[in-house]
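1. Using only what follows, build the 3D model:
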Amino acid sequence: MNPDIYNEARIHFFESGQKFEYGRPDMTIHTKHNGTTDPSRTEQDLDHDGKRGVDCSSFVWRGLHDAGYDVGKEPFATSKLFNGTHTTDYAKSHFDVIPAGEARKPHGNLQPGDIIMFKDKGGTGQHVGIVRDYDSHGNIRFIGSQVSTGPAEVTVQPGRYWDGDKMEIVGALRAKPEFQTKAPLHGGQAPHDKAQEPATPRQPAATVKPESHTPPTHAGTLREGDRGNDVHRLQERLNALGVTDTNGKHLDTDGNFGKHTQEAVERFQREHKLDPDGVVGKKTLDAIEAAEKLRAHGPRMDSPEHPDHKLYEQARDAIKRLDAQHGHVWDERSERVASLTTLTARQQGLTSIDHVVTNQDASKAYAVQGDLNSPFKQTAEVDMQKALATPLEKSSEMASQHHATQQGQAAQQTQESQQQQQQHQQSQHR
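-> Numbering: from 1, shown residues only. Take a look at the predicted model:
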């Protein structure tokens, strides 16, 4: 039995002082339930509600990772372990597989740290959790991250949601001893070395204390030589953003700010036009957060990477001129009007924005393509109240979706045209 997986997950998600909620990148569930879903499944707080997002497989990955198991540096999906009722080759090589019949027995033989697997009875959904134990009635208790609750403990009752109603148990996995290659993050059972069995009984790794740290030299900063959870989290965030050391390798998330972590920080700073001093202060942390937002939602219109960036620049310049006419200075309100004007203009078929004008009470704005006095000009009407309520990020996301839809339709039309030409050529040769 190795309870380290359960212990580490419990410490991280329930005792560390951090707050978590369910996380799902596509955000479909966010609109269906009570707003407790984050766009991140990898413990980032992309909706800025003070809670980090995590899904069921990332929850299990964290328990394995912090317990010292060789699961890599990026959270896996449930499909890494199983698909429906079939366990993957990866799982079979690193875990002992417990069949469904044995796994679901009341008062059964599951052990703390076993990975319990579920599948949706009527669909393709899958779920995983980490076994805690059995209650006094013999019901399985596990911890995991569920859609409705985020990280929480669940009791499985036969015939109810998790065993027969909505979901069904398809088996469990017990990590093989040789899969544990490092000491647990918070102590516990030491890694099993199958090449060299200890001559004396194995002692708990009480002297291994990665959570202890060297306080930063300056408050709010991290630099080479620092240790602890803040460094551990920094390493995870840099890995998630694809930032590597000078050898192109991802960082070990060991909580130790060493040479390779400093190299990765300096690389990130250079790429984001910051002073590459290798010290993580407010500017670097702000840049990391901005990069995480960009990765989750795509580029904003004010980024050259956005497909409507040039059109946005035209709208911005036109609104700056309009602001100047009324003695206003460009601010966030102007930014919101410019971004929704860009989106509306694109949706209504404009390819350029030469002017932006308003009606008498400024309740409407009009993007104009062409000369203001030309009978051939094109316009797009924008509701100012809606514009002021729509952040740049939202307009940017909607514009990207519109661009993708247009590209898809164009590709489909091209394909249909080619098929028609082929059919026409074939008919001529008959």
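2. List the residues that contact residue 330.
-> Contact analysis of residue 330 by CB atoms under 8 Å, 6 or more residues apart in numbering lists 319, 320, 323. No exception for glycine: its C-beta is placed from N, CA and C like everyone else's.
3. Which parts of the stretch 51-200 of the chain are helices?
-> Assigned by DSSP state H, counting those that start in this stretch, the stretch 51-200 of the chain shows helices spanning 56-66, 89-94, 100-103.
4. before we move on, what about the stretch 201-350 of the chain?
-> Remark: helices assigned in the stretch 201-350 of the chain by DSSP H, counting those that start in this stretch are 229-240, 259-271, 282-297, 309-325, 332-347.
5. Out of these, which is closest to residue 116?
-> Closest approach to residue 116 among those (CB to CB): helix 229-240, 25.3 Å.
6. How far off centre is the closest one?
-> Its chain's average C-alpha position is 14 Å from that of helix 229-240, according to CA atoms, centre = their mean, to the nearest Å.
7. before we move on, the earlier item: just the helices of the stretch 201-350 of the chain: most buried one?
-> Scoring those by mean neighbour count under mean count of other CB atoms under 10 Å gives helix 332-347 as the most buried, with a mean of 23.
8. rewinding a little: could I get the helices of the stretch 51-200 of the chain in a markdown table, plus columns for mean pLDDT?
-> Converted to a markdown table, these look like this (pLDDT from 0 to 100):
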| stretch | mean pLDDT |
| --- | --- |
| helix 56-66 | 96 |
| helix 89-94 | 96 |
| helix 100-103 | 94 |
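9. so of the ones you listed, which one's packed in deepest?
-> Highest mean neighbour count among these (mean count of other CB under 10 Å): helix 56-66, a mean of 25.
10. So what's the gap between that helix and the chain middle?
-> 14 Å.
11. Would you mind measuring from residue 101 to residue 108?
-> Separation of residue 101 from residue 108 (CB to CB, to the nearest Å): 10 Å.
12. hmm, I was thinking of residue 241
-> For residue 241, the distance to residue 108 (CB to CB) stands at 42 Å.
13. quick one, strands of the chain?
-> Secondary structure of the chain, counting by DSSP state E: strands at 20-23, 37-38, 52-54, 82-83, 86-87, 95-99, 115-120, 126-134, 140-146, 150-155, 167-175, 355-358, 364-369, 378-383.
14. Need those in CSV (columns: mean pLDDT).
-> What follows is these, written out as CSV (pLDDT from 0 to 100):
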stretch, mean pLDDT
strand 20-23, 91
strand 37-38, 81
strand 52-54, 93
strand 82-83, 95
strand 86-87, 95
strand 95-99, 95
strand 115-120, 96
strand 126-134, 95
strand 140-146, 95
strand 150-155, 93
strand 167-175, 96
strand 355-358, 95
strand 364-369, 96
strand 378-383, 95
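15. closest to residue 305 out of the ones you listed?
-> Residue 305 sits nearest to strand 364-369 of all those, at 22.5 Å, using CB to CB.
16. For the closest one, list every residue counted as buried.
-> 365, 366, 367, 368, 369 (16 or more other CB atoms under 10 Å).
17. Adjacent strands (with direction) for it?
-> If you go by DSSP bridges, strand 364-369 pairs up with strand 355-358 (antiparallel), strand 378-383 (antiparallel).
18. Show me the contact partners of it.
-> Contacts of strand 364-369 (CB under 8 Å, 6+ apart): 315, 318, 337, 341-342, 344-345, 350-359, 377-384, 387.
19. Specify the angle between that strand and helix 309-325 in degrees.
-> 130 degrees (axes from the mean of the first three to the mean of the last three CA atoms, to 10 degrees).
20. ok, residue 403 - how many residues close by?
-> 14 (other CB atoms under 10 Å).
21. wait, residue 156
-> Around residue 156 there are 23 residues (other CB under 10 Å).
22. What of residue 50?
-> 9.
23. for residue 55, same thing?
-> 28.
24. Give me the distance between it and residue 86.
-> Counting by CB to CB, the gap from residue 55 to residue 86 is 21 Å.
25. Please name the nearest non-neighbouring residue to residue 251.
-> The spatial neighbour of residue 251 that comes closest, neighbours along the chain excluded (CB to CB, 6 or more residues apart in numbering), is residue 235 at 4.4 Å.
26. surely the one you found meets residue 258?
-> No: assessed by CB atoms under 8 Å, residue 235 is found out of contact with residue 258, at 10.0 Å.
27. Give me the buried positions along the longest helix along the chain.
-> Criterion DSSP state H: the longest helix present in the chain is helix 392-428. Of all the residues in helix 392-428, those buried under the rule 16+ other CB under 10 Å are 392, 394, 395, 396, 397, 398, 399, 400.
28. Return the alpha-carbon coordinates of stretch 387-404 using CSV.
-> C-alpha atoms of stretch 387-404 as CSV (Å, rounded to 0.1, in the frame of the first residue of the first chain):
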residue,chain,number,x,y,z
ALA,A,387,-19.9,48.9,-26.6
LEU,A,388,-19.1,50.4,-23.2
ALA,A,389,-20.1,47.2,-21.5
THR,A,390,-18.0,44.9,-23.8
PRO,A,391,-14.3,44.5,-22.8
LEU,A,392,-11.6,44.4,-25.4
GLU,A,393,-11.0,40.7,-24.6
LYS,A,394,-14.6,39.7,-25.4
SER,A,395,-14.7,41.6,-28.7
SER,A,396,-11.4,40.1,-29.6
GLU,A,397,-12.6,36.6,-28.9
MET,A,398,-15.8,37.0,-30.9
ALA,A,399,-13.9,38.5,-33.8
SER,A,400,-11.5,35.5,-33.8
GLN,A,401,-14.5,33.2,-33.9
HIS,A,402,-16.0,35.2,-36.7
HIS,A,403,-12.8,35.0,-38.6
ALA,A,404,-12.5,31.2,-38.1
